[in-house]
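**Student:** my questions are about this predicted structure, shown below with the sequence.
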Amino acid sequence: MRITVDHEACDGLGQCALVAPEVFALDDDERLQVASDPAPELADKVVAAARACPVRAISVERA
Amino acid sequence: MRAVVVVGAGLAGVRAAESLRARGFRGALTVVSDETELPYDRPPLTKQVVAGTRAADDIRLAGAEDFGARWIRGTGAVGLDRERRRVRLADGAEVPYDGLVLATGAQARAWPGEVPAGVLTVRGLDDVRALRAAVDGGAREVVVVGAGFVGVELASSLVGLGLGVRVTLVEPFGRPLRVLGGTVPDAVAQAARRAGVVLRLGTGVTGFRAEGGRVAGVGLADGSVLPAELAVVAIGMVPATGWLVGSGLALPSGRVHCDERLFARTAGVAGVPDPRIVVAGDVAWCDAVRSVDGPVPLEHWSNAAAQGELAARNLLAGPAAAEPYEHVPSFWTSAFGLRIKSVGLPGTGDRVVVEEGEPGAEKVLEAHYREGRLVGAVSVNLGKRLAGYARRLQEERGGVAEAAGGSGAAGGSAGASAGSGALG
C-alpha cells in the first residue's frame, strides 16, 4: 500500500492518528508522522484514517 | 431496497450517500436539502472562510453530479409519513422511499425575541457571507453573544482580520468553551484577552438596542450597554426535527433517538426501531454515544462522518446484520493561537489531571476522570498523546480490564486510576 500525505493541506488535526495509530502519529509540534512501511493487513484501517481526515490530505493506493 | 432518500446534505448526509454507492447500492438515490448551496464542510466557516483564506468552492463536499443521485436543493422536507413511506417536501411534492437516512443536522439557535438588522447567527455559508459583508461594509464594533465554539472561533477570526475590528465576547455562564471543563477554558480566556478581545463573563444579555432599525447596542444584565455595529448570537444549535413531529419517531430533546445501530426509534415505551430509517450526525440522539449519565448528543465533525457511513451500511444490511456504532468522540478547534483537541467527553469528568505542560502555558495535556474512570482528554498545542487516550477509552468501553500502569498505549501512567467496564 502506498500512502501519500499532502503536508501543505495537513493541519495536524490528528484524526487519522485516532483511527490508525499504528501508522499515523503527531509529533511534539503536531506535525504528522507516517510509518514508512505499514503492514498490508492495516490497509482497511489506513483507508478509514484517510476518510477521517477533515482536510482530505491523505491518499492511499492499495497494493 | 430500490429507493433510498437522504434528507440533509451536510457532512452526515453526503457521507451516507457516498457510502450507499460505495457499498453497491444501485437503486434510485435522492438527496434532499433545504439549502440551495452544493454541500459544504462547516468547520472552516468560522475560521478560514471568515478570514477569507478559503472560498466557498474550496470547502465543497460534493458536486451536483456526484453519486448518481437526484439532488433536490432549496426545498426542505416538511413531513414524514412512515406508513406510506414518503417524505413530504416544502413544495408539496412527495418522495417515496424504501430506505431513509435522516441527516438534517441543526440550525443556529435564534435569539428568543425580535432582533434588529445587524444581529446575525452563524451556521451556514450564507451567514458567513452576511457577517463578512457587514465587516467589509465598515462594522468595527462587534459583540459576540455566547462563548461556545462558534462564538470563540468567530471572535478569534474577527480580531485576526487585521481590520481593526473590536470584539466583545459575552458569556452569561462564565468561562469560554466551558464544555471542555478543566483548565483550558481559562487558558482560552487569557488568550482572548491577549488578542484584544474584551470578555464579559458571567453577565447575561437582556436585549438589543436599535437606531434606525439597525443594531446599535447590546444590553447586559448589569445594566450596561455595549456599543455594537454588528452582533452575533452564538448560543448553540437546535436540531432540525420540526418536520418529524407527528411522524411517530421518538424525539427526545428534539433529536431523533436511534439505537446502537443507528436505526430510528419509534415513540412509545418499547421504542421499537424502524428498520427502514437510519439517523446520522448532529440530529441523532444515539444509544451508542453515552456518558456516565446516559446518551449524549454529539455535534462533532468526526461523529457526523462516521455515523453517515455506518448509517448507510446498516440501512443496506438491515437490522439483523447491522453493526453497532463504536466511536470515541473527538473534537478540535483553534482560536487565538491555541490548537485545542479533545477525545472522549472531558466535560463530564469530576477530576482533572494535568499530564503534561501546565495550565495556561503554551502546551498542555490534561486527562479527565469521572469516579476514577477516564472519560476524556484535552490538549492545547499538544495533540501527540491523544490517540493513546482514545484507545484507552475504546478499550474501556469494550469492557477490557485495564492492567495497572495503563494499557500500553501512549496514554502512559495516567491509566493507574482508571477502572474497567463500559462507558455508561
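**Tutor:** Received it, and whenever you're ready, just let me know what you need. Residues are numbered from 1 along each chain as shown, chains lettered A, B, ... in the order given.
**Student:** neighbours around B:G63, how many?
**Tutor:** Using other C-beta atoms under 10 Å in any protein chain shown, B:G63 is surrounded by 10 other residues. From N, CA and C alone the C-beta is placed, and that goes for glycine too.
**Student:** what residues are up against it?
**Tutor:** B:L38 (C-beta atoms under 8 Å, 6 or more residues apart in numbering or on different chains).
**Student:** swap in B:L249?
**Tutor:** The neighbours of B:L249, taking C-beta under 8 Å, 6+ apart as the test, are B:L80, B:R82, B:V256, B:H257, B:A264, B:R265, B:T266, B:A267, B:D274, B:I277.
**Student:** got phi/psi on B:V50?
**Tutor:** phi -60, psi -40 (degrees, to the nearest 10).
**Student:** what sits closest to it if chain neighbours are left out?
**Tutor:** Nearest non-adjacent residue to B:V50, counting by C-beta to C-beta, 6 or more residues apart in numbering or on different chains: B:S157, 4.1 Å away.
**Student:** right, and that neighbour touches B:G52 too?
**Tutor:** No: counting by C-beta atoms under 8 Å, B:S157 does not reach B:G52; the two are 9.5 Å apart.
**Student:** now the stretch 1-150 of chain B against chain A: closest residue?
**Tutor:** Here the residue of the stretch 1-150 of chain B nearest chain A is B:P43; by C-beta to the nearest C-beta that distance is 6.2 Å.
**Student:** which SSE is the residue nearest to B:V50 in?
**Tutor:** helix B:149-159 (DSSP states H and E).
**Student:** rounded mean pLDDT for stretch B:328-343, please.
**Tutor:** Averaging pLDDT along stretch B:328-343 gives 97.
**Student:** swap that for stretch B:99-113, please
**Tutor:** Computed over stretch B:99-113, the average pLDDT equals 97.
**Student:** what's the first-to-last distance across it?
**Tutor:** End-to-end distance for stretch B:99-113, by C-alpha to C-alpha, to the nearest Å: 39 Å.
**Student:** in it, which of the residues would be classed as buried?
**Tutor:** Under the neighbour-count criterion of 16 or more other C-beta atoms under 10 Å in any protein chain shown, stretch B:99-113 has B:G99, B:L100, B:V101, B:L102, B:A103, B:T104, B:G105, B:A106, B:Q107, B:A108, B:W111 buried.
**Student:** filter these down to the ones in strands?
**Tutor:** Using DSSP state E, B:G99, B:L100, B:V101, B:L102, B:A106, B:Q107, B:A108 are the members of the buried residues of stretch B:99-113 that sit in strands.
**Student:** tell me where chain A has helices.
**Tutor:** For chain A, applying DSSP state H gives helices covering A:15-19, A:43-51.
**Student:** who touches the first one?
**Tutor:** Among residues not part of helix A:15-19, those counted as contacts by C-beta under 8 Å, 6+ apart are A:23-26, A:32, A:45, A:48-50, A:52-54, A:58, B:302, B:328, B:330, B:332, B:343, B:383, B:386-387, B:390.
**Student:** sort out for me which of these are in strands.
**Tutor:** Judged by DSSP E, these include A:F24, A:A25, A:L26, A:L32, A:I58, B:S330, B:W332, B:V343 as members of strands.
**Student:** B:V87: which of the residues you listed is nearest?
**Tutor:** Closest approach between the ones in strands among the contacts of helix A:15-19 and B:V87, by C-beta to C-beta: B:S330, at 31.6 Å.
**Student:** how about the nearest residue to residue 15, chain neighbours excluded?
**Tutor:** Chain wasn't specified; assuming chain A. Closest residue in space to A:Q15, ignoring its immediate chain neighbours: A:A52 at 4.5 Å, by C-beta to C-beta, 6+ apart.
**Student:** you answered for a different chain; I wanted chain B.
**Tutor:** Closest to B:R15 by C-beta to C-beta, 6+ apart is B:G308, at 3.1 Å.
**Student:** can you verify that neighbour is assigned to a helix?
**Tutor:** Yes: per DSSP: H, G, I helix; E, B strand; the rest coil, B:G308 lies within a helix segment.
**Student:** so how far is B:G10 from it?
**Tutor:** B:G308 is 9 Å from B:G10, where distance means C-beta to C-beta, to the nearest Å.
**Student:** quick check: neighbours shared by those two?
**Tutor:** Taking C-beta under 8 Å, 6+ apart as the criterion, B:G308 and B:G10 both touch B:A103, B:G281.
**Student:** what does chain B have sitting close to chain A?
**Tutor:** B:41, B:43, B:301-302, B:305-306, B:309, B:328, B:330, B:332, B:339, B:341, B:343, B:381-384, B:386-388, B:390-391, B:409-410 (C-beta under 8 Å from any C-beta of the partner chain).
**Student:** B:T266 pairs with what?
**Tutor:** Here B:T266 shows beta-bridge partners B:L249, assigned using DSSP bridges.
**Student:** so who does it touch?
**Tutor:** Contact partners of B:T266, counting by C-beta under 8 Å, 6+ apart, are B:G248, B:L249, B:A250, B:V272, B:P273, B:D274.
**Student:** just B:G207 next, same as before
**Tutor:** Residues in contact with B:G207 (C-beta under 8 Å, 6+ apart) are B:G113, B:V218, B:G219.
**Student:** name the element it belongs to?
**Tutor:** Going by DSSP H and E, B:G207 is in strand B:205-211.
**Student:** what does the helix or strand following that strand rub up against?
**Tutor:** Downstream of strand B:205-211, the first helix or strand assigned by DSSP H and E is strand B:214-220. Strand B:214-220 has contacts (C-beta under 8 Å, 6+ apart) with B:115-119, B:143, B:145, B:168, B:170, B:200, B:203-210, B:225-231.
**Student:** so where is chain B shaky, pLDDT-wise?
**Tutor:** B:398-424 (pLDDT under 70).
**Student:** distance-wise, check the residue positioned nearest the centre of it relative to chain A.
**Tutor:** The structure's chain B has its C-alpha centroid closest to B:E299; by C-alpha atoms, centre = their mean the separation is 2.5 Å. Distance of B:E299 to chain A, computed by C-beta to the nearest C-beta, to the nearest Å: 15 Å.
**Student:** quick one, what contacts that residue?
**Tutor:** With contact set as C-beta under 8 Å, 6+ apart, B:E299 has these partners: B:A106, B:M237, B:D282.
**Student:** 7 Å instead, please
**Tutor:** B:M237, B:D282 (C-beta atoms under 7 Å, 6 or more residues apart in numbering or on different chains).
**Student:** what strand or helix carries it?
**Tutor:** Counting by DSSP H and E, B:E299 is found in no helix or strand.
**Student:** and what of the one 5 residues further on?
**Tutor:** When elements are defined using DSSP H and E, B:A304 is found to belong to helix B:301-317.
**Student:** got the residues of chain A near chain B?
**Tutor:** A:13-15, A:17-18, A:21, A:25-28, A:30, A:52, A:54 (C-beta under 7 Å from any C-beta of the partner chain).
**Student:** the closest residue to B:H300 other than its chain neighbours: how many residues sit nearby?
**Tutor:** Distance criterion C-beta to C-beta, 6+ apart; nearest residue to B:H300, sequence neighbours excluded, is B:F331 at 5.0 Å. Using other C-beta under 10 Å, B:F331 has 24 other residues around it.
**Student:** from A:A35, how far off is B:F331?
**Tutor:** Taking C-beta to C-beta as the measure, B:F331 and A:A35 are separated by 25 Å.
**Student:** same check on B:Y369?
**Tutor:** 31 Å.
**Student:** okay, those two: which has more neighbours?
**Tutor:** B:Y369 (20 against 15).
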